[in-house]
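Chemist: A predicted structure for the sequence below; I have some questions about it.
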Amino acid sequence: KQGERWIAYIGHHGGSALNPLTGQVENNGTSIVDVTDPTRPQYLVHIPGAPGTPGKPELGGAQMTRVCDGSALPHGDKSRVYLLRSFGNSAHEIWDVTNPAKPARITVVVSGLVDTHKSWWECDTGIAYLVSGDPNWRSKRMTKIYDLSDPQKPVFVRDFGLPGQQPGSAGTVPSDLHGPISTGARNNRVYFAYGPGRAGIIQIVDREKLLNGPKDPTEANLLYPQIARVDFPKESGAHTAFPLLDVDIEEFAQMKNGKVRNFLVVPGESLANDCAEARQMVHILDITNEAAPIGVAAWTVPEASGNFCSRGGRFGTHSSNESFTPVYYKRVMFFTHFNAGVRAVDVRDPFHPKEIAYFIPAVTDKTDQQCAGSGAAQRCSRVIQTNNVEVDDRGYIYIVDRANSGLDILQLSGTARALANLP
């Protein structure tokens, strides 16, 4: 929310398209949309991103966005609003979006990278965990931590990753970082997810030790803030690690101990079309004893409910919402499921997650074909590929499509709506 308006900041994969506002073909970047009236969204402006790479359409663009209000940042201009975004695979930059129709770049936080992805920015402290490809590191993606409490003066804090990813290390390189989620100074934890589509790894980290401990990326220093690490089987990915903390378990109400528990919700990312892989799904870990996380549940869309493996494109989970809004937190989570659309899941009892609603958008004349196989055996389908989902404090749900079908704005209805803590 910006003042009395609600603004959506949408990152795009690489490529190019005609900008109807300028009449020019531009590199895909960041779309800024006024969604104050969600039934009549207004396209305000497009900030071009990095050029795409021939044959690799997802490279380039400006895939990821985070926004902080200057009134929350410790040293920000209280009258300003700031956008942190990736620029292709090479940089992270900050824009002034106080007037969302007239964004202005303030600074480049870091450049010269070989990859970027799903960063996290703590608005109340300014600490940013930037998913980055440092050419000196052995892994494609690791974390560069910056203090962006004054967005005009970024301050480097440290580099971080798993042992074996750092410069000078040897042996097998652990899976690349996909993204962190921080609970800030109050809960003092950062949850890292590595290996989105296979060989997933979850890492629970003490935030204070991470920020203030020894910084040189030796194996000992990288392990110093680690509380726990969970290595998934090779066929299971870890796209996101979303914490559900202090959950009252109704079933345990009469127990002496363990009535309130903590969990991590971890969706993996489907990578192959036509189900040519192991099923990626949601895994839920009980992390009440942080040093010994234990898997307690899994959830997926039944394939037979829509014959999804024969529809074409990817089928399986991808991402979850990452907002902690009390409208949904510890009540309902949303998971994108590619050709099975978006799914709303009741997580009040994380031991027994239950689907309560779904939405599969219709294809459009702009929906791209998804192909599998080659030569005479190749088959292509024009099919929805719901890719990402987020929610706002009003309870609206935003989904975007990986196959060029655009943005849908949704709301819960019926009995599913009753589970939300709507304003």
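Modeler: Nice, I can see it.

Chemist: C-alpha from now on. contacts and neighbour counts both.
Modeler: OK.

Chemist: Secondary structure of Val33: a helix, I assume?
Modeler: No. Read with DSSP: H, G, I helix; E, B strand; the rest coil, Val33 is strand and lies in no helix.

Chemist: who's in contact with it?
Modeler: 7-10, 41-45 (CA atoms under 8 Å, 6 or more residues apart in numbering).

Chemist: Buried by neighbour count, from the residues you listed: which ones?
Modeler: 7-10, 43, 45 (16 or more other CA atoms under 10 Å).

Chemist: how about Leu211, phi and psi?
Modeler: Reported as degrees, to the nearest 10, the phi and psi values for Leu211 are phi -80, psi -30.

Chemist: you'd agree Leu285 is up against Ile294?
Modeler: Yes. Taking CA atoms under 8 Å as the definition, Leu285 is a contact partner of Ile294 at 5.3 Å.

Chemist: Looking at those two, which is more packed in?
Modeler: Remark: of Leu285 and Ile294, Leu285 carries more neighbours, 24 against 16, as counted by other CA atoms under 10 Å.

Chemist: for the more buried one, helix, strand, or coil?
Modeler: Counting by three-state DSSP, the backbone at Leu285 sits in strand.

Chemist: residue contacts, the spatially closest residue to it that is not a sequence neighbour?
Modeler: Excluding its sequence neighbours, the residue lying closest to Leu285 (CA to CA, 6 or more residues apart in numbering) is Gly295, at 4.2 Å. Gly295 makes contact with 283-286, according to CA under 8 Å, 6+ apart.

Chemist: Could you do Gln152 as well?
Modeler: Taking CA under 8 Å, 6+ apart, one finds 106-107 in contact with Gln152.

Chemist: how close does it sit to Ser111?
Modeler: Distance, Gln152 to Ser111, using CA to CA, to the nearest Å: 16 Å.

Chemist: now His337
Modeler: Counting by CA to CA, the gap from His337 to Ser111 is 33 Å.

Chemist: Tell me who's in contact with Arg314.
Modeler: So, once contact is read as CA under 8 Å, 6+ apart, Arg314 ends up touching 270-275, 338-339, 385.

Chemist: Taking the residues you listed together, which two end up most distant?
Modeler: Cys275 and Gln385 (13.4 Å; CA to CA).

Chemist: what about these two, which has more around it?
Modeler: Of the pair Cys275 and Gln385, Gln385 is the one with more neighbours under other CA under 10 Å, namely 30 against 21.

Chemist: The more buried one against Arg402, yeah?
Modeler: Yes. If you go by CA under 8 Å, Gln385 and Arg402 touch, sitting 5.3 Å apart.

Chemist: Assumed Ala170 was part of a strand.
Modeler: No. Read with three-state DSSP, Ala170 is coil and lies in no strand.

Chemist: number of nearby residues for it?
Modeler: Neighbour count of Ala170, defined by other CA under 10 Å: 11.

Chemist: So which of the contacts of Arg314 is surrounded by the most neighbours?
Modeler: Using other CA under 10 Å as the neighbour criterion, Gln385 leads the contacts of Arg314 with 30 neighbours.

Chemist: Give me the pLDDT value at that one.
Modeler: Looking at Gln385, its pLDDT reads 98.

Chemist: now the one residue sitting closest to the centre of the chain, what's its secondary structure?
Modeler: A centroid search over the chain (CA atoms, centre = their mean) returns Lys118, at 5.5 Å, as the residue closest to the centre. Using three-state DSSP, the structure places Lys118 in coil.

Chemist: Test my guess that it contacts His178.
Modeler: Yes. Lys118 is in contact with His178 according to CA under 8 Å; the separation is 6.4 Å.

Chemist: Touching both of the two, which residues are there?
Modeler: Common contact partners of Lys118 and His178 (CA under 8 Å, 6+ apart): Val131.

Chemist: isn't Thr116 right next to Ser86, touching?
Modeler: Yes. The pair Thr116 / Ser86 is scored as a contact, 6.5 Å apart, by CA under 8 Å.

Chemist: more neighbours, those two?
Modeler: Between Thr116 and Ser86, counting by other CA under 10 Å, Ser86 is the more crowded of the two (35 against 31).

Chemist: Quick one, grab the pLDDT at the more buried one.
Modeler: According to the model, Ser86 scores 98 on pLDDT.

Chemist: same deal with Ser381?
Modeler: You'll see Ser381 listed with a pLDDT of 95.

Chemist: from the chain's centre, how far out does the helix or strand hosting it sit?
Modeler: For Ser381, the element it lies in under DSSP states H and E is strand 379-382. Computed by CA atoms, centre = their mean, to the nearest Å, the chain-centroid distance of strand 379-382 equals 27 Å.
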